[in-house]
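> Everything below, folded, please.
(2 chains)
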Amino acid sequence: GENVEQHPSTLSVQEGDSAVIKCTYSDSASNYFPWYKQELGKRPQLIIDIRSNVGEKKDQRIAVTLNKTAKHFSLHITETQPEDSAVYFCAASRTGANSKLTFGKGITLSVRP
Amino acid sequence: ETGVTQSPTHLIKTRGQQVTLRCSSQSGHNTVSWYQQALGQGPQFIFQYYREEENGRGNFPPRFSGLQFPNYSSELNVNALELDDSALYLCASSPRDGFRETQYFGPGTRLLVL
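All right, here's what the predicted structure looks like:
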């Protein structure tokens, strides 16, 4: 089955700096890669996703890049703000009938004011 | 548009008991997936329901079972509760056919087994 790993496990950045969170996956048949943000005591919130036919996707201050050959994808957050502090999960899935999400263990991002 | 809702928010049970958790999918969504999230971990896939039938199951024993109703709401049932079942149980709904992998989560039910 699919195995998703996230690195690093914690990340601390100064407000205004950029943050990059990396994930690797094992199943070459996976072709959907979402990122979720989970604040303490709240639901995982889908913040951006990318499909395998696209190499990069941007939405305001966040972007995701995908390297299918190397089986890794990354979340980029620019101009970080204290409200970006949360746990970020990456996941991988096939599409359609086999669409179960396999999650990484999560990364705790702390943005220092 | 109404988001995914779950009930109850919190639950305390004792070992050996049975529990039923409920999920209402987002308006227009016909697929519901259930996940277990242990403290400090990522969600683990339990199973998915599509058009009232189980469509894929993760590495969970048969005492975890579910249902989906004609209005696309869903239940997760866990029999013979064990201490390790203590976790946050999340359901997620997906839009109609073609985007079942795009999943939006509810707030979860926090289950404590004593």
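
> and chain A, which residues reach chain B?
A:4, A:32, A:34, A:36, A:42-46, A:49, A:89, A:91, A:93-106 (C-beta under 8 Å from any C-beta of the partner chain). All C-beta spots, glycine's among them, are computed from the backbone N, C-alpha and C.

> secondary structure class for the closest residue to chain A within chain B?
As assessed by C-beta to the nearest C-beta, chain A sits closest to B:G42 within chain B, at 3.2 Å. For B:G42, the secondary structure call by DSSP: H, G, I helix; E, B strand; the rest coil comes out as coil.

> Would you agree it is in contact with A:I107?
No: the criterion here is C-beta atoms under 8 Å, and B:G42 misses it with A:I107 at 10.2 Å.

> give me the number of residues near the residue of chain B closest to chain A?
22 (other C-beta atoms under 10 Å in any protein chain shown).

> Local confidence estimate at it?
pLDDT, B:G42: 95.

> low pLDDT regions in chain A?
A:98 (pLDDT under 70).

> can you map out the strands along it?
In chain A, strands defined by DSSP state E lie at A:4-7, A:10-14, A:19-25, A:32-38, A:45-51, A:56-59, A:62-67, A:72-77, A:86-92, A:102-103, A:107-112, listed in chain order.

> Turn those strands into CSV, including mean neighbour count.
Converted to CSV, those look like this (neighbours: other C-beta atoms under 10 Å in any protein chain shown):
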stretch, mean neighbour count
strand A:4-7, 17
strand A:10-14, 13
strand A:19-25, 19
strand A:32-38, 24
strand A:45-51, 17
strand A:56-59, 12
strand A:62-67, 18
strand A:72-77, 21
strand A:86-92, 24
strand A:102-103, 23
strand A:107-112, 17
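
> Rebuild these as TSV, extending it with distance to B:K13.
Below are the strands of chain A laid out as TSV (distance: least, C-beta to C-beta, whole Å):
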stretch	distance to B:K13
strand A:4-7	31
strand A:10-14	33
strand A:19-25	35
strand A:32-38	24
strand A:45-51	28
strand A:56-59	41
strand A:62-67	39
strand A:72-77	37
strand A:86-92	26
strand A:102-103	25
strand A:107-112	30
